[in-house]
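Q: Provided below for reference: sequence and predicted model.
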Amino acid sequence: MAFPTHLRLFEMGARDGLQNEPGAVIDTAIKIELINRLSECGLRHIEAASFVSPKWVPQMGDAAAVMNGINRKAGVTYSALTPNLQGLEGAIAAGADEVAVFGAASEAFTQKNINCSISESLERFAPVIERAQACNIRVRGYVSTVMGCPYEGETDPAQVAAVSRELLDMGCYEISLGDTIGTGTPLKAKQMLEAVSKQVPIEKLAAHFHDTYGQALANLYAVIEEGIAVIDASVAGLGGCPYAKGASGNVATEDVLYMLNGLGIDTGVDLEKLAQTGHWITAQLGRTSGSKVALAIGCQ
Ligand SMILES: CC(C)(COP(=O)([O-])OP(=O)([O-])OC[C@H]1O[C@@H](n2cnc3c(N)ncnc32)[C@H](O)[C@@H]1OP(=O)([O-])[O-])[C@@H](O)C(=O)NCCC(=O)NCCSC(=O)C[C@@](C)(O)CC(=O)[O-]
């Protein structure tokens, strides 16, 4: 299979990246500046906020203020997580261009993350998707724990395929496959994708890989070879999931970009500017960038 000439990056830094940040809640102004800087790097899809319960995820408690405060750059899609109708109404009021429901392939993770079973989660998502569609808002679907669960261990690819298919049939335009705890390896990634792509066309799938075991770039290369052309990544490798203990951030966007540039795959994103943004946000958080490429480039 030939590599694609163009690939879509979905930037996760402001949501997946910041949702699990320990300590004090990050200033809304910093989140807004991060999103504005990301859009100036040429990123066209930015997950900006999460309309979840602030009791569950305090760092996302200012989702409406964030969405209302950003400079909307033409051509950029600003998306938000919406676990239920309450979240969706908040996202609509705040002008989200796109929303996302998030389920998982593991029962235990679903329970810990959104306080219900897989089948209850799908029942809960149905009216969210219906209402979003009535407002002409596209809905993305996440499936977490696609290559392993912090509570149940190995994930059966058939289960990933089944949940992905359900979300597609319910109206999600794209399914993002989350290796939430980063335990995947390239062979596992290919096997998982093989099972899922029998149920969901590959052009409707995205890879959302965390780098906890340092495998994310290798796993991405493996799935790009199979035809994946949408990648979720987080500037400076920010993040982790509050309901997956020890999970580190998404693969760093800078590192993905460097690899894609080397493969001759166009994304329209400026690597140097992105690395600077990564250095800026990690300085705000009091640490160094988690992107090897950004550290190597060294621009501050
Ligand atoms: C889903 C719920 C809300 C269920 O939580 P629940 O407690 O079962 O909900 P509830 O309907 O019983 O409501 C309880 C309280 O929450 C409030 N509430 C209810 N809904 C909302 C809302 N939307 N916004 C604001 N508040 C809300 C509601 O108003 C009520 O407030 P109270 O009466 O007690 O004061 C909760 O479990 C939750 O918020 N979970 C979010 C967990 C989360 O954000 N996890 C991280 C994102 S997933 C992820 O990172 C993985 C991903 C996507 O990146 C892919 C990967 O890496 O694998």
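A: Nice, thanks for sending it over.

Q: what is the burial count for Ala64?
A: For Ala64, the count of nearby residues is 18 (other CB atoms under 10 Å). C-beta here means a position set from N, CA and C on the backbone, and glycine is covered the same way.

Q: is it true that it touches Ala93?
A: Yes: if you go by CB atoms under 8 Å, Ala64 and Ala93 touch, sitting 7.0 Å apart.

Q: the residue in the stretch 101-250 of the chain that the ligand sits nearest to: what's it in contact with?
A: Closest residue of the stretch 101-250 of the chain to the ligand, CB to the nearest ligand atom: Gly178 (2.5 Å). Applying CB atoms under 8 Å, 6 or more residues apart in numbering to Gly178 gives the contacts 104, 142-146, 208-210.

Q: of those residues, which belong to strands?
A: 104, 142-144, 208-209 (DSSP state E).

Q: turn the residues you listed into JSON lines, columns for pLDDT and neighbour count.
A: Listed next are those as JSON lines, based on pLDDT from 0 to 100; neighbours: other CB atoms under 10 Å:
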{"residue": "Ala104", "pLDDT": "98", "neighbour count": "29"}
{"residue": "Tyr142", "pLDDT": "98", "neighbour count": "25"}
{"residue": "Val143", "pLDDT": "98", "neighbour count": "30"}
{"residue": "Ser144", "pLDDT": "98", "neighbour count": "28"}
{"residue": "His208", "pLDDT": "98", "neighbour count": "25"}
{"residue": "Phe209", "pLDDT": "98", "neighbour count": "27"}
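
Q: filter the residues you listed by proximity to the ligand?
A: Among the ones in strands among the contacts of Gly178, the residues that sit close to the ligand (CB under 6 Å from any ligand atom) are 142, 144, 208.

Q: residues of the chain that sit close to the ligand?
A: By CB under 6 Å from any ligand atom, the residues of the chain that approach the ligand are 16, 19, 50-53, 56-57, 81, 83-84, 86-87, 102, 113-115, 142, 144, 178, 180, 208, 210, 241-243.

Q: that older thread, which of the ones in strands among the contacts of Gly178 sits closest to Leu43?
A: His208 (15.4 Å; CB to CB).

Q: so what's the closest one closest to, chain neighbours aside?
A: Closest residue to His208 apart from its sequence neighbours, by CB to CB, 6 or more residues apart in numbering: Asp232 at 3.9 Å.

Q: just to be sure, that neighbour is in a helix?
A: No: Asp232: not assigned to a helix; according to DSSP: H, G, I helix; E, B strand; the rest coil it is strand.

Q: one step back: so which of the residues of the chain next to the ligand sit within strands?
A: Short answer: the residues of the chain next to the ligand in strands (DSSP E) are 50, 81, 102, 142, 144, 178, 208.

Q: just for the stretch 1-150 of the chain, where's the confidence low?
A: Within the stretch 1-150 of the chain, the stretches with pLDDT under 70 are 1.

Q: beta partners for the residue nearest to Ser291 when sequence neighbours are not counted?
A: Distances taken as CB to CB, 6+ apart put Ala252 closest to Ser291, at 3.5 Å, once the chain neighbours are dropped. Beta-bridge pairing for Ala252 (DSSP bridges): Ser234.

Q: whichever of the residues of the chain next to the ligand end up buried, select them in ChimeraX.
A: Selecting only the buried entries of the residues of the chain next to the ligand in ChimeraX, with 16 or more other CB atoms under 10 Å as the criterion:
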select :16,19,50,51,52,53,56,57,81,83,84,87,102,113,114,142,144,178,180,208,210,241,242,243
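
Q: show me the helices in the stretch 101-250 of the chain, by range?
A: 107-114, 118-134, 157-170, 186-197, 216-225 (DSSP state H, counting those that start in this stretch).

Q: so Asp266 sits against Arg8, correct?
A: No: counting by CB under 8 Å, no contact exists between Asp266 and Arg8, whose distance comes to 10.4 Å.
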